[in-house]
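A.B. asks: Next comes the sequence, and after it the predicted model I'd like to discuss.
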Amino acid sequence: MTDQAIHILGAGLSGLSAAIVLANAGKKVHVYEVRKDSGARFDGDFQGIENWTSSPDFFDEMKSWGIDPNSFKSNEFNVVDLAHPDDVITQPKTENIAFRVVERGTDEHCIDQGLKKLALEAGATIHYGSKKSPEECDIIAAGPKDSSAVAFGEIFHTDHPNHVTLQLNDKLAPGAYSYLIIIDGVGLICTCLWRQQKRSSRYLNETIAWYEEHYKLNRKPIKRVGGKGDFSLPNKYFHEGRYYVGEAGGLQDFMWGFGMRYAITSGTLAAHSILGKCDYEAEIRKRLIPLVKSSAINRFLLNRVGNRGFKLAARYWMWDQKRRGDGLAFMRRLYAPSIFRNILWPITKLSMLKRKKLDDGRVVSRMPFRKALKRDIWEPSAKAVSIGKQWDDIRKSGAKTSFTESDS
Ligand SMILES: Cc1cc2nc3c(=O)[nH]c(=O)nc-3n(C[C@H](O)[C@H](O)[C@H](O)COP(=O)(O)OP(=O)(O)OC[C@H]3O[C@@H](n4cnc5c(N)ncnc54)[C@H](O)[C@@H]3O)c2cc1C
């Protein structure tokens with residue numbers, strides 16, 4: 001053990017995971033966070049930690065790394081409503097845990113605060129509201145830089161029981177999907193835009209109108225939230241003595257935008273590498289890059305289809321569930337290596353990703369924010385217009401919008 005302190009840029013999931021593992025191993029750890037608190041990048045929105053890309057249950061994996069998943073609130077799900085583009089609703093399900101919903105933000109039960117507590121208990125020092133140059137840090141865990149896609153959501157009170165719906169709909173969520181998550185009386189309706197749009201709030205209003213039509217929500221809006229995702233594959237994960245982890249290392253699923261599992265895993269692996277237990281670059285390439293590449297190929301295929309393709313995918317998913325008796329088998333197969341994917345990778349790289357040299361000298365193949373298509377322009381429904389007006393009134397009386405078009 002050396003006395004030399006480890007400096008980490010960013011007190012989000014990846015940075016805090018690294019801090020917990022290092023501090024528990026007796027290292028002196030300093031974490032520098034530009035915002036006032038961990039989780040402040042998000043504002044109480046729900047996110048799902050997937051449990052299908054790798055075989056160990058993720059919470060068991062976290063426990064084996066010394067990161068206690070009981071330090072934050074989570075709700076397990078083994079079933080979702082799947083809304084097809086033609087509004088048919090079916091239910092993929094599994095006997096195991098498919099995913100867990102956690103809250104992101106600064107409240108005590110949020111995952112960001114749970115990991116912060118563990119890092120502090122382990123002896124790490126966190127400097128909030130501080131600026132530190134990346135050159136002075138060993139681990140770069142500062143989240144996304146550019147935008148490849150954005151998500152907009154509304155958080156509301158509801159009396160609907162706990163529930164998750166995933167909707168594949170190219171009109172309401174251009175090139176992507178929308179979702180409804182309800183946990184203990186609080187709901188989130190979110191739409192993801194993988195094509196850049198003007199007046200993005202109309203997509204959220206129309207999406208809310210859709211969910212209101214299909215579920216008894218008794219919705220009472222609280223606030224509007226959102227964020228951007230940066231999808232890129234760098235040429236290096238360890239560069240000039242620094243470890244790039246989480247979204248700062250481009251470790252995010254190109255297909256669904258999931259990144260929490262990769263953030264916690266990569267933060268832990270960087271810490272293990274510093275402790276001499278593994279080679280970070282090699283471990284990331286072995287464990288995570290095949291998954292990220294598969295997700296990029298899936299995204300490349302998805303970018304080619306509209307609602308007709310989404311419908312086919314949803315039907316195939318249900319057919320596969322009937323055949324195998326497990327709805328998660330389809331999700332797992334989306335990430336499995338295959339000759340078909342190997343052939344598609346160079347095509348995906350060439351036609352979907354653009355090379356960019358970053359200020360720190362790394363070269364990334366990143367997915368640019370795609371342009372809007374003609375079919376993205378449509379007249380909003382009367383219901384969506386009234387939802388937009390309802391939000392304007394609530395906003396004027398003091399409700400918060402924590403992410404706007406200009407943030408992307
Ligand atoms: C709207 C939305 C919904 C999402 N939903 C899901 C989901 O359902 N499931 C899922 O798995 N993933 C989801 N993601 C992705 C997930 O949030 C990220 O992949 C994950 O948070 C990445 O962790 P990280 O540690 O890299 O970044 P973060 O957890 O964001 O932490 C980065 C930290 O670095 C700080 N920082 C930034 N710049 C600096 C700087 N210069 N100096 C110091 N600190 C800095 C930030 O303030 C932040 O606290 C979603 C993302 C968005 C935007």
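C.D. replies: Happy to help now that I have it.
A.B. asks: Which residues are in contact with the residue lying closest to Gln196 once chain neighbours are set aside?
C.D. replies: For Gln196, ignoring the flanking residues on the chain, the nearest one in space by CB to CB, 6 or more residues apart in numbering is Phe369 at 4.6 Å. Every C-beta, even on glycine, is put in place using the N, C-alpha and C of the backbone. Contact analysis of Phe369 by CB atoms under 8 Å, 6 or more residues apart in numbering lists Ser147, Ser148, Ala149, Val150, Arg195, Gln196, Ser408.
A.B. asks: Dump these to CSV, plus neighbour count.
C.D. replies: Putting the contacts of Phe369 into CSV (neighbours: other CB atoms under 10 Å) gives the following:
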residue, neighbour count
Ser147, 16
Ser148, 23
Ala149, 24
Val150, 25
Arg195, 18
Gln196, 19
Ser408, 20
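A.B. asks: Out of these, the closest to Ile387 would be?
C.D. replies: Nearest to Ile387 among the contacts of Phe369 is Val150, at 19.2 Å by CB to CB.
A.B. asks: if I look at the residue nearest to Gln196, how far off is Lys93?
C.D. replies: 34 Å (CB to CB, to the nearest Å).
A.B. asks: Checking the helix or strand where Thr265 lies against the ligand, do any of its residues make contact.
C.D. replies: For Thr265, the host element (DSSP states H and E) is helix 260-274. Yes: residues of helix 260-274 are located near the ligand by CB under 6 Å from any ligand atom, namely Met260, Arg261, Ala263.
A.B. asks: quick one on the thing from earlier: and the contacts of Phe369, which is closest to the ligand?
C.D. replies: Using CB to the nearest ligand atom, Val150 comes nearest to the ligand of the contacts of Phe369, at 7.6 Å.
A.B. asks: Now do the SS call for the closest one.
C.D. replies: Following DSSP: H, G, I helix; E, B strand; the rest coil, Val150 is assigned to strand.
A.B. asks: Ok, Pro346 next?
C.D. replies: Going by three-state DSSP: Pro346 is helix.
A.B. asks: What count of nearby residues applies to it?
C.D. replies: As a burial measure, Pro346 scores 9 neighbours (other CB atoms under 10 Å).
A.B. asks: On the pLDDT front, check it for me.
C.D. replies: Pro346 carries a pLDDT score of 95 in this model.
A.B. asks: same check, this time on Asp230
C.D. replies: In this prediction, Asp230 carries a pLDDT score of 85.
A.B. asks: just to revisit the earlier point, just checking, next helix/strand downstream of the helix holding Thr265?
C.D. replies: helix 280-287.
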